[in-house]
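>>> A predicted structure for the sequence below; I have some questions about it.
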Amino acid sequence: MLKLTLRRLLVAIPTLILVSLIVFSLQKLLPGDPLLTMAGEERDPEVLAFLREKYRLDDPFHVQYLAWLGNVLTGDFGRSLRTGVPVSTLIAQKLPVTLQLAVMAIVLALLIGIPAGILSAVKKGTATDYAANVVALSGVSIPNFWLGIILIMVVSVQWQLLPASGYVPPTENFLQSLRTMLMPSFVLATALAAYLMRHTRSAMLGVLSSDYIRTAKAKGLLPKTVILKHALRNALMPIVTLTTLLFGELLAGAVLTEQVFTIPGFGKLIVDAVFTRDYAVVQGVVLCTAVGFIFMNLVADLLYVVINPRLRHPQ
Amino acid sequence: MRTLFATVLTGALLAASSAWAQDFRIGLQEDPDLLDPHRARTFVGRIVFTSLCDKLIDVDAKLNFVPELASEWAWSDENKTLTFKLVEGALFHDGTPFNAEAAKANIDRARTLQDSLRKSELASVESVEVVDEFTVALHLSKPDATLLAQLSDRAGMMLSPATFDGDVAANPVCSGPYKFASRVQNDRIVLEKFADHRDAGAHHFDRLVFLPIPDSTVRLANLRAGDLDMLERLNPSDAESVRGDAALQFMPVAGLGYQGITINTGGGERSENPLGQDKRVRQAFQLAIGRDVINDVVGQKLFEPAQQPFPAASPYNSPSFPVVQRDPEAAKALLAEAGVERVSFELSFGNNTTTQAINELIQAMAAEAGFDISLRPTEFAAMQQDMKSGNYQASQIGWSGRVDPDGNLHQFVTCEGALNDSKYCNEEVDRLLNAARVTPDVGERQALYEDAQKILQDELPIIYIYHQPWPFVLSGAVSGFTAYPDGMVRLKGVQLSK
Amino acid sequence: MSMQAEAIAPRRRFGRTITKFVGNRSAVLGGAVVLVFVLLAAGAPLFSTHDPFQASFTTIRHAPSAEFWFGSDELGRDVYSRMLYGARASLLAGMISVSIALLVGVPFGLVAGFYGGWADAVISRITEAMLAIPFLILAIALAAFLGPSLSNAMIAIGLSATPIFIRLTRGQALAIKTEDYVEGARAIGLPNHLIMTRYIFPNVLPPIVVQATITVATAIIAEASLSFLGLGQQPPNPSWGSMLNTAKNFMSQAPWMSVFPGGAIFLVVLGFNLLGDGLRDALDPRDH
């Protein structure tokens, strides 16, 4: 397992280079000139000429890429073209926010999705099953934007229970931090929980009908023990895959939810950066996101082995 | 013991609530860019600067120039010297004094800093002279009627010269009523009261918190939930619900800018179509559009119809050009005269739900008069470049507006104008607008703009649709606020009850 | 395990799958729902009551009535008729982009999970790279270079949904290949492609079906954000997602503008999920 981890960490380097190359070339393909945004409404030709010189945007692709790579290797991710703030500062500001939102959302989703999935599989074909499915599917059909605004209007404006928006770092006021993040993480969790619920249900149905569960039942083991100890364990593969992937996606930022609740996370940062062609920020954040996905895929692979020890010795 | 506890608790609550009451929270539509007045470019950034950085002069709600860091000013030397008498005793946030040396240093920085965006605004300034400690004179290469307007905005904002060498944008040190405290990008900008400001008594808040909340509905919900005290740029779709809400104050004001349709009239092959080549087709297109319909349907009465680039409040808005009313039959007749039956073209617009509704409406109205428009939503950066390179037929786009009429017209329609995306060129227009630039007398200038507009209204490289509104919404607890046509938030005398 | 018996007589299994599927009431219901929407979309001109593009300044945001069954929108257009026409774009966006994701994702996932080693390493690293590329950049680049159209939007959505199918298939294949019956098949010298198609593939299907049926919803909503960028359905042509996008400005004043398209998305997704459940049950090799 340690070997696997080390090997994957080594392989991560070429992956990151691949990612940065792809993003770098995609940026070259995008229409729109970052300097036009930077030069402001007036578009003073003199300023445009100066900026073109300063950011060396006319250099050949490989020159620009190597210069960027060289800086990254020394820990310099450049500065935001839009605000002049170092990209590393931006990442340091947004990462904890996004991380907190992602963790809270995924925990909520797991707490809702997995029990609901188990229940609906065990009670397949009953009213409980149908109700759970309908609720779950509404979860994916309702756009996050919508649910968010409705929650703000009811919970914050009408009942005045939770703050409508904003972000409080947990180090500043832990309870208040949880309170401000509760609604946004719930909104994110609705769709995630739907995915988890549907996958749990399907996987549980598969396992529940298998021979060894029948055998276990026949042996007179308590149903609860059978479900939790045997069935769930075997249903876990797709759930692990999905959870790690969804978590990775959350780390890339949840634009709309961040926007509704005005949470200063990665999502808004990257969208603004793409729209204003703020390439230094795009590169930095994408690299950061890639690390997140690589890490989550590694976690998934390690968890597979924990669930199914036979995977430890692949032939 | 119990009473003691109760007293402490009440005291704590009171302390907490009074601390809360001293904050003033403003919801912005976007996150500002660089907080360096000489390098900044966004409209929203100017809202923050208004409290952060005092300027030489300001404008009042009727667009007259009024003193700020300069108490008086005068033209001399055949309008080639502009002399400012500065207020005495003004301090920068770092405690250094504001004087003529500082003013000179700032104006020089604004016109020479390599990536200054103020260069073209101050292009006429040849040299800055310190006359005495509180008098500064600007010597111009030629008369410049726009200069006062420029100095009433970012070009006239004063930074502490002692901080020029540092990272100005990260920690701007100005002389406004509030000083910079902190900023988290996309989250908030916090300013603190500057106790040594000469007008500190009229500024009632301890802290200003600017919160960028891009969605109008969400900004409004935050205001209603008590998490904001005011917001700027309400979306027209929310106007109805605000007007009906007794707990809120709705203060819309017609701004200095406009939204319109820019037509490619001379930019290569994409201008080679009836719309780009024949002014009669453009006139017909104008007749096909109902500006009042757009105001009623999409604008919820906030989109005041515009025929001219100048705001209604401006003395240069001429009564000779009333808003053209929709007349599909007259439009068809004009098309027939131009020898075309139906005209098709592509209309691009920046992506948001309001512009989409406007353009769908234009498309539907124009269809009745013989125009087959295909709509092309696009993101702003791509559209900007397409327009600059002439790769478009018509674009619905706006301009945030300037106090001086020159800023709303010259760059857009003169042959070499940096913003002339129509690629329109007419020597007579150039002559008139260049003359207007150097004519300080209002009456003479009016005549020049009137003559220029006669040509432009006939040839229509840009069709103006409506004046950009600045709809502010305030909580009922706010008093003393006035909405200015420049869309800025001036907080002098503004109070929050309780 | 019963799988081994199954493998010997695949034809009989197919027949039984059909029987089981038809016997499953919820699957039939789901199929019916989807079919109704497809018919409505195909016959939009027949079923619509108004011109979906005709703006009318006298009927702005009217509530549902005998005249406007689902109300009218911000430009006075009939929401019901727009939904019928919008169904075309939305159903296509939902189904085609999911098909792209399936056709690309499942084979690569199978290969990665079954063969492991270099194949797995390469496919997994590419998946990670794909996941990290922001959807927005991909979409704008595609719009700029392939031109703005609904089919290019489907490609963008499909490609961005692919990695999840690769990962799911791979994970499932990893687990299945250690099962005794696969080891058995190997032991008797069955070639790899037969092991993959006969043993691995059917067992990989249940999570894939579940994922595909939910992704339909995500794809329908994603189409709206792309039409916003100029990729996807071009205005004034409607799609459910873009109708929802506009409606969000009028949530309190004109709730019908969002309730009906939102409800339609829900019903279609419900239909696909019921269908998927039926398929899952019918395909479950262990269920007798």
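That came in fine, so what should we check first? Residues are numbered from 1 along each chain as shown, chains lettered A, B, ... in the order given.

>>> now the helices: where do they sit in the stretch 1-150 of chain C?
Per DSSP state H, counting those that start in this stretch, the stretch 1-150 of chain C carries helices over the ranges C:3-8, C:10-23, C:25-42, C:44-47, C:79-115, C:117-132, C:135-146, C:150-176.

>>> what packs against the shortest one?
In this structure, helix C:44-47 makes packing contacts with helix C:79-115, judged by 3 or more CB pairs under 8 Å, 6 or more residues apart in numbering or on different chains; DSSP states H and E. To be clear about C-beta, it is placed using only N, CA and C from the backbone, and glycine gets the same treatment.

>>> tell me what the helix it packs on is packed against?
Contact analysis of helix C:79-115 by 3+ CB pairs under 8 Å, 6+ apart lists helix C:25-42, helix C:44-47, helix C:117-132, helix C:150-176, helix C:192-195, helix C:201-228, helix C:240-247, helix C:256-283 as its packing neighbours.

>>> Please identify the deepest-packed of the helices of the stretch 1-150 of chain C.
helix C:150-176 (a mean of 25; mean count of other CB atoms under 10 Å in any protein chain shown).

>>> nearest to residue A:310, of the helices of the stretch 1-150 of chain C?
Ranking those by their distance to residue A:310 (criterion: CB to CB) puts helix C:150-176 first, at 8.8 Å.

>>> helices and strands around the closest one, which ones?
helix A:232-251, helix A:279-307, helix C:79-115, helix C:117-132, helix C:135-146, helix C:201-228.

>>> Relative to residue A:25, which of these is closest?
Ranking the helices and strands packed on helix C:150-176 by proximity to residue A:25 (CB to CB) places helix C:135-146 first, at 9.2 Å.

>>> Now do the closest one against helix A:279-307: the angle between them, please.
With axes from the mean of the first three to the mean of the last three CA atoms, to 10 degrees defining the directions, helix C:135-146 sits at 120 degrees from helix A:279-307.

>>> is any part of helix C:135-146 close to chain B?
Yes. Using CB under 8 Å from any CB of the partner chain, we find that helix C:135-146 touches chain B at C:140, C:144.

>>> lowest-confidence stretch among the helices of the stretch 1-150 of chain C?
Comparing mean pLDDT across the helices of the stretch 1-150 of chain C, the weakest is helix C:3-8, with a mean of 37.

>>> Past the helix or strand where residue B:467 lies, which element shows up next along the chain?
With secondary structure defined by DSSP states H and E, residue B:467 is part of strand B:462-475. Remark: after strand B:462-475, the chain's next helix or strand is strand B:478-479, criterion DSSP H and E.

>>> if you skip the residues just before and after it, what's nearest to residue B:246?
Leaving aside its chain neighbours, residue B:246 sits nearest to residue B:476 (7.6 Å; criterion: CB to CB, 6 or more residues apart in numbering or on different chains).

>>> how much space between the one you found and chain A?
According to CB to the nearest CB, to the nearest Å, residue B:476 stands 15 Å off from chain A.

>>> now residue B:362
23 Å.

>>> Could you check how many residues crowd around that residue?
If you count neighbours by other CB atoms under 10 Å in any protein chain shown, residue B:362 ends up with 27.

>>> quick one, what contacts residue A:38?
Taking CB atoms under 8 Å, 6 or more residues apart in numbering or on different chains, we find residue A:38 in contact with A:51, A:81-82, B:41.

>>> Most neighbours out of the residues you listed, which is it?
Tallying neighbours with other CB under 10 Å puts residue A:82 at the head of the contacts of residue A:38, with 24 neighbours.

>>> got the residues of the stretch 1-150 of chain A near chain C?
Residues of the stretch 1-150 of chain A lying near chain C by CB under 8 Å from any CB: A:11, A:14-15, A:18-19, A:22-23, A:26-27, A:29-31, A:133-134, A:137-138, A:140-143, A:145-146, A:149-150.

>>> Could you name the specific helix or strand carrying the closest residue to residue B:446 other than its chain neighbours?
Spatial nearest neighbour of residue B:446, chain neighbours left out: residue B:316 (6.0 Å); criterion: CB to CB, 6+ apart. In the assignment (DSSP H and E), residue B:316 maps to no helix and no strand.

>>> Quick check: residue B:316 vs residue A:23, distance?
Distance check for residue B:316 against residue A:23: by CB to CB, to the nearest Å, it reads 48 Å.

>>> Could you do residue A:287 as well?
Per CB to CB, residue A:287 is found 8 Å from residue A:23.

>>> and the angle for the helix or strand harbouring residue A:49 with helix A:279-307?
For residue A:49, the enclosing helix or strand under DSSP H and E is helix A:45-55. Interaxial angle of helix A:45-55 relative to helix A:279-307 (the same axes, to 10 degrees): 40 degrees.

>>> Show the subsequent helix or strand relative to helix A:45-55.
helix A:61-73.

>>> Pull out the buried residues from that next one.
Neighbour-count burial for helix A:61-73, counted by 16 or more other CB atoms under 10 Å in any protein chain shown, picks out A:64-65, A:68, A:72.

>>> Adding pLDDT, write those out as TSV.
Formatted as TSV, the buried residues of helix A:61-73 follow (pLDDT from 0 to 100):
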residue	pLDDT
A:64	85
A:65	88
A:68	87
A:72	87
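
>>> closest to residue B:337 among these?
residue A:64 (53.9 Å).

>>> Which residue, other than its chain neighbours, is closest to that closest one?
Excluding the flanking residues, the one nearest residue A:64 by CB to CB, 6+ apart is residue A:56, at 6.8 Å.

>>> Contact partners for residue A:110?
A:196, A:243.

>>> From chain C, how far out is it?
17 Å.

>>> Just the C-alphas of the helix holding residue A:49, formatted as PDB.
Output of helix A:45-55 as PDB, limited to C-alpha atoms (Å, rounded to 0.1, in the frame of the first residue of the first chain):
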ATOM      1  CA  PRO A  45      -3.500  52.000 -27.400                       C
ATOM      2  CA  GLU A  46      -0.400  53.200 -25.500                       C
ATOM      3  CA  VAL A  47      -1.400  51.100 -22.500                       C
ATOM      4  CA  LEU A  48      -2.200  48.100 -24.700                       C
ATOM      5  CA  ALA A  49       1.200  48.300 -26.200                       C
ATOM      6  CA  PHE A  50       2.900  48.500 -22.800                       C
ATOM      7  CA  LEU A  51       0.900  45.600 -21.400                       C
ATOM      8  CA  ARG A  52       1.700  43.500 -24.500                       C
ATOM      9  CA  GLU A  53       5.300  44.100 -23.900                       C
ATOM     10  CA  LYS A  54       5.100  43.500 -20.100                       C
ATOM     11  CA  TYR A  55       3.300  40.200 -20.200                       C
END
